[in-house]
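Participant: coords please:
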Amino acid sequence: MRHLAFSTLLLLLLTGCKVYYPNHTQQDYKQADTVIQNPYFADLNDERLYRATIRFYKKEFSGMFVAKRINQQEHRIVLTSDLGNTFFDMTIAKDKHQVNYIMQDLNKKIIINTLVKDFRTLTQVNYPITYQDSSSRQFLSTMDGKRYFLNLNDQGKLVKIETASKYKPKLKIQLSTDSIGKLDKFSIQHHGIKLQMEFVNIPF
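Facilitator: Coordinates of the predicted model:
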């Protein structure tokens, strides 16, 4: 009886919540049938080095980050310290991942799953679109029960990817390009946990 009362209360609370749309309402969207490409890690073996700063609650550390598409399905993601020690080295595909190495302090299932989801979203090459807003600058992609909002600027470049549950935002990735259209810097920020990552390109 107590379980039934709790379930009923939870159902009432959820049905009273508005479906989450960043800066919009559901009425601002119309159906669409297109694909938005994320070009920044799409080229095979195109390697760019980034200075990474990671803040997790009150801890902060920095290092060198590389993400590279190694074949049509997989990206290699590596973060090392300034002294060359590896924090993590992972191979990520759409439906699977492999941890090649991860330091002991980070070798926890919740941390690995978070990193995999973050960098899978960052390196996903094609986002099939189901809805777009009236300005044709924000698009909604739904894949495997997940919702991805993609923002383009006036030049049609991808500048933000946001993931969300039905009722609240979960992750935001901001993207900025250089004068030739390469990814110059980006940031990953979580809602709900105090994890923020910032990356700035280092020419080499």
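
Participant: hey, let's count contacts and neighbours off CA atoms from now on
Facilitator: Will do.

Participant: Confidence-wise, which helix or strand of the chain is lowest on average?
Facilitator: helix 2-15 (a mean of 51; mean pLDDT, DSSP states H and E).

Participant: In the protein, where is pLDDT below threshold?
Facilitator: Residues of the chain meeting the criterion pLDDT under 70: 1-17, 24-27.

Participant: separation between the spatially most central residue of it and Ser141?
Facilitator: The residue lying closest to the centre of the chain (Cα atoms, centre = their mean) is Thr121, at 3.6 Å. In this view, Thr121 and Ser141 are 12 Å apart by Cα to Cα, to the nearest Å.

Participant: can you list the residues that contact the strand of greatest length in the chain?
Facilitator: Looking across the chain with DSSP state E, the single longest strand is strand 59-69. Outside strand 59-69, the residues within contact range by Cα atoms under 8 Å, 6 or more residues apart in numbering are 41-55, 75-82, 199.

Participant: Tell me which of those fall in strands.
Facilitator: Within the contacts of strand 59-69, membership in strands is found for 49-55, 75-80, 199, as judged by DSSP E.

Participant: Can you flag the buried ones in those?
Facilitator: Neighbour-count burial within those applies to 49-54, 75-80, 199; the criterion is 16 or more other Cα atoms under 10 Å.

Participant: Next, give phi and psi for Ile110.
Facilitator: Phi and psi for Ile110, reported as degrees, to the nearest 10, are phi -70, psi -40.

Participant: And the helices in the protein, which stretches?
Facilitator: With DSSP state H applied, the chain shows helices at 2-15, 109-123, listed in chain order.

Participant: Pull the longest one out as PDB, backbone CA atoms only.
Facilitator: Taking Å, rounded to 0.1, in the frame of the first residue of the first chain, the C-alpha atoms of helix 109-123 are listed here in PDB:
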ATOM      1  CA  LYS A 109      33.300   2.100 -12.800                       C
ATOM      2  CA  ILE A 110      31.400   5.400 -12.300                       C
ATOM      3  CA  ILE A 111      34.500   7.500 -13.500                       C
ATOM      4  CA  ILE A 112      35.200   5.300 -16.500                       C
ATOM      5  CA  ASN A 113      31.500   5.400 -17.500                       C
ATOM      6  CA  THR A 114      31.400   9.100 -17.200                       C
ATOM      7  CA  LEU A 115      34.500   9.600 -19.300                       C
ATOM      8  CA  VAL A 116      33.300   7.200 -21.900                       C
ATOM      9  CA  LYS A 117      29.900   9.000 -22.200                       C
ATOM     10  CA  ASP A 118      31.600  12.500 -22.300                       C
ATOM     11  CA  PHE A 119      34.100  11.600 -25.000                       C
ATOM     12  CA  ARG A 120      31.700   9.500 -27.000                       C
ATOM     13  CA  THR A 121      29.400  12.600 -27.200                       C
ATOM     14  CA  LEU A 122      32.400  14.800 -28.200                       C
ATOM     15  CA  THR A 123      33.600  12.500 -30.900                       C
END
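
Participant: Can you tell me the number of residues neighbouring Thr123?
Facilitator: Other residues near Thr123 number 23, with proximity taken as other Cα atoms under 10 Å.

Participant: try Ile110
Facilitator: Around Ile110 there are 10 residues (other Cα under 10 Å).
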